[in-house]
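Enquirer: Need coordinates for the following:
(one chain, ligands or ions: 1)
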Amino acid sequence: MSSEEGDTPCVELFDLGTTRHISLYKADFTTYSPLMPPVFLNTANQQRFPAVGTGKLAIHVPNRRGETELILNDALHTLSVGYILVSLGALDEEGYYAHIGGSYLELDSPCGEHIGCVARTHKRLYKVSHDESAHAVEMLTVMELHCRLGHIAISSACKLIESGTITKVNLDPSSKEATCDACIFTCATRQPVPKVRISPPAQNFGDEIHTDV
Ligand SMILES: [Zn+2]
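Expert: Next up, the predicted model:
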C-alpha cells in the first residue's frame, strides 16, 4: 500500500520565483481546507495546474544541530508538482529574513532567531532533500486499516503488517478495535455461507467462488 507521495525523496525548494508556498504532500498540512473549485496556478512556461487544498504546511529546515520546523501559512496543496516550493517572497511578507552568501541560504525568524540554512546545490538551487521514509510511511488506526483492506478480519489485517506483507503502513499502537457499521450491516443482510461445502468446488481457474472472510 503506497501513499499518494510515492517513493521519491521529499524535496523542498526555496525560491524567489514563486508567489505561493506549494506542496504535493497533504500529510504535512497541519490545517487543511479543500478548494472547491480548485485554484489554478500559472507557471513561468504558461502552463496551468490546479491546487486542490489550502492550509498551514509544516516543513523542516536543516540547522547545525538537526532541523527546525517551520510553519508556512496559506500554502497550496497540488498533485501536479513533485516537491515543496517555498516562496521566499511570502516569507519576507511575513517578516522572515533570508540571507544568501557563502553557498548557503540562511533563514531567520521575524524576531531574529536563526531557523536554519539551506545549501546551494551544483545546479544553483537552494534545495533540501529529506529521507523518503518520513513521507512514505503512513500511520493508520486499526479500524482505518480494516476499512482500507476491504473489511477483512482485524486480526488478519494486523498480521499482514506484522509479517511485513504490507509495507509503508504503521499501526497506531494507541488505536482500539471498534464496531464497524459497514460490517454489521453486511453481516445482517448477506446470505448465510454454509460451514460445509454443498456444491462441487470450482474446477477451472477464474470460476466463480464464494468465501466468508
Ligand atoms: Zn468493516
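
Enquirer: any idea how far the residue nearest to the spatial centre of the chain lies from residue 58?
Expert: With distances taken as Cα atoms, centre = their mean, the residue of the chain nearest its centroid is residue 27 (3.8 Å). Residue 27 is 10 Å from residue 58, where distance means Cβ to Cβ, to the nearest Å. C-betas here are computed from N, CA, C, even on glycine.

Enquirer: so what's the residue nearest to the centre of the chain scoring on pLDDT?
Expert: Residue 27 is assigned a pLDDT of 86 by the prediction.

Enquirer: Look up the closest residue to residue 53, ignoring the ones flanking it.
Expert: residue 77 (3.8 Å; Cβ to Cβ, 6 or more residues apart in numbering).

Enquirer: Next up, the contacts around the one you found.
Expert: The contact partners of residue 77, by Cβ atoms under 8 Å, 6 or more residues apart in numbering, come to 23, 24, 25, 26, 29, 32, 51, 52, 53, 54, 55.

Enquirer: Share the number of residues neighbouring the last one, please.
Expert: Think residue 55. 19 (other Cβ atoms under 10 Å).

Enquirer: same deal with the second one?
Expert: By other Cβ under 10 Å, 21 other residues sit near residue 24.

Enquirer: hmm, back to that, any idea how far the ion is from the residue nearest to the centre of the chain?
Expert: According to Cβ to the ion, to the nearest Å, residue 27 and the ion sit 24 Å apart.

Enquirer: The strand ranked longest in the chain packs against which elements?
Expert: Counting by DSSP state E, the longest strand found in the chain is strand 48-62. Strand 48-62 sits against strand 10-15, strand 33-42, strand 67-77, strand 84-87, strand 114-119, strand 126-130, with contacts defined as 3 or more Cβ pairs under 8 Å, 6 or more residues apart in numbering; DSSP states H and E.
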